[in-house]
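Peer 1: Generate coordinates for the sequence data below:
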Amino acid sequence: MERHIEKFLRYLEIEKNASGHTILNYKLDLMDFKNFLKDETIEKLDYLFVRKYLAHLKERNLSARSVGRKLSSLRSFFRFLVKDGYLKANPTDAISSPKQEKTLPKFLTEEDVVRLIEAPNPQTLKGLRDRAILETLYSTGIRISELVSLTEEAVDFIGATVRVLGKGKKERMVPIGERALRAIRNYLTRRKTPSRLIFLNKNKKPLSGRGFRKEMDKYIRLISLKDHVSPHTLRHSFATHLLNRGADLRSVQELLGHANLSTTQIYTHLTTEKLKSVYEKAHPRA
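Peer 2: Here you go, the predicted structure:
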């Protein structure tokens, strides 16, 4: 089993150009299934065994989303083994994905975004760095994983754009606002450590997404925001605020780097709620 998993992961990396994050998630999911497999050989697997595994996941109180992701990993893995001629049929073909709970993405109000961005201390290098990070996340809507890998040459200060390496190692150009550019300039001017990467940690090493999440938690407490907020919340806020102010869905899709419009359409639920609120307040007979 382990040999097949390694072969599949190499296929994802070389032929599918998958990101390191995607490959790691597949590996974790497949190793979890391998542990459940125990002495059972992969050739004897059928859909009943896979259903037994899914029942085991539910007993572990995993959410429908997590179970669905693990099933999706198994589908891709078995599809690869069928294509490779190792299996005759995919045992997951007869299994439908668990029904997902529909949850709307959390976002901040425009006022709360401003409070969060202005929370870091501008008198310190870390404060300048964190201000630049928060400004950039909200200005561009990029993911934290995309932000921590930004290099100085990826930022066009004259053209006001950022070159981002997104999921599947796909590049896209994203506009960036003057306030975010100014914050990056202020940080780089004060930072003395030479590095191609823009954002470094206190040890002058590349900043990790996890490392910044911890810093962000401190600012959340500082401004007394009650809801759980992560760097991804700024991405949700970016998309929601653009749509609320009249941006079209296709443009927001391009800015976010979504492969499918359906992924972006979840934000229309938020804007519909906003329209209802405006209607109820403004219409005389609402």
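Peer 1: Please report the distance of Leu9 from Leu45.
Peer 2: Going from Leu9 to Leu45 by Cβ to Cβ, to the nearest Å gives 19 Å. Where you see a C-beta, it was placed from the backbone N, CA and C, and this is true even at glycine.
Peer 1: higher neighbour count, these two?
Peer 2: Each of Leu9 and Leu45 has its neighbours counted (other Cβ atoms under 10 Å); Leu45 has more, 21 against 18.
Peer 1: Could you pull up phi and psi at that one?
Peer 2: Note on Leu45: backbone dihedrals following degrees, to the nearest 10 are phi -70, psi 140.
Peer 1: Quick check: nearest residue in space to it, chain neighbours excluded?
Peer 2: The shortest distance from Leu45 to any residue that is not its chain neighbour, by Cβ to Cβ, 6 or more residues apart in numbering, is 5.1 Å, and that residue is Pro91.
Peer 1: Convert stretch 209-227 to CSV, retaining C-alpha atoms only.
Peer 2: Included here for stretch 209-227 are C-alpha records, laid out as CSV according to Å, rounded to 0.1, in the frame of the first residue of the first chain:
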residue,chain,number,x,y,z
GLY,A,209,1.3,31.1,7.7
ARG,A,210,0.9,29.4,11.1
GLY,A,211,3.4,31.9,12.7
PHE,A,212,1.3,34.8,11.5
ARG,A,213,-2.0,33.3,12.6
LYS,A,214,-0.6,33.4,16.2
GLU,A,215,0.3,37.1,15.8
MET,A,216,-3.2,37.8,14.3
ASP,A,217,-4.9,36.2,17.3
LYS,A,218,-3.1,38.8,19.5
TYR,A,219,-4.5,41.7,17.4
ILE,A,220,-8.0,40.2,17.6
ARG,A,221,-7.9,40.2,21.4
LEU,A,222,-6.4,43.7,21.3
ILE,A,223,-9.4,45.2,19.5
SER,A,224,-11.8,42.9,21.3
LEU,A,225,-13.3,41.2,18.2
LYS,A,226,-15.6,38.4,19.5
ASP,A,227,-15.8,36.2,16.4
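Peer 1: Can you give me the buried ones in that stretch?
Peer 2: Gly209, Phe212, Glu215, Met216, Tyr219, Ile220, Leu225 (16 or more other Cβ atoms under 10 Å).
Peer 1: and the first one, what does it touch?
Peer 2: Spelled out, it's Gly209. With Cβ atoms under 8 Å, 6 or more residues apart in numbering as the criterion, the residues that contact Gly209 are Ile144, Ser145, Leu147, Val148, Pro231.
Peer 1: For the second one, give me its contacts.
Peer 2: Counting by Cβ under 8 Å, 6+ apart, Ser145 touches His21, Gly209.
Peer 1: Now with 6 Å, please.
Peer 2: Residues touching Ser145, when contacts are defined by Cβ atoms under 6 Å, 6 or more residues apart in numbering, comprise Gly209.
Peer 1: From Ser208, how far off is it?
Peer 2: For Ser145, the distance to Ser208 - Cβ to Cβ - is 9 Å.
Peer 1: Need the nearest residue in space to Gly141, chain neighbours excluded.
Peer 2: For Gly141, the spatially nearest residue (Cβ to Cβ, 6+ apart) is Phe238, at 3.6 Å.
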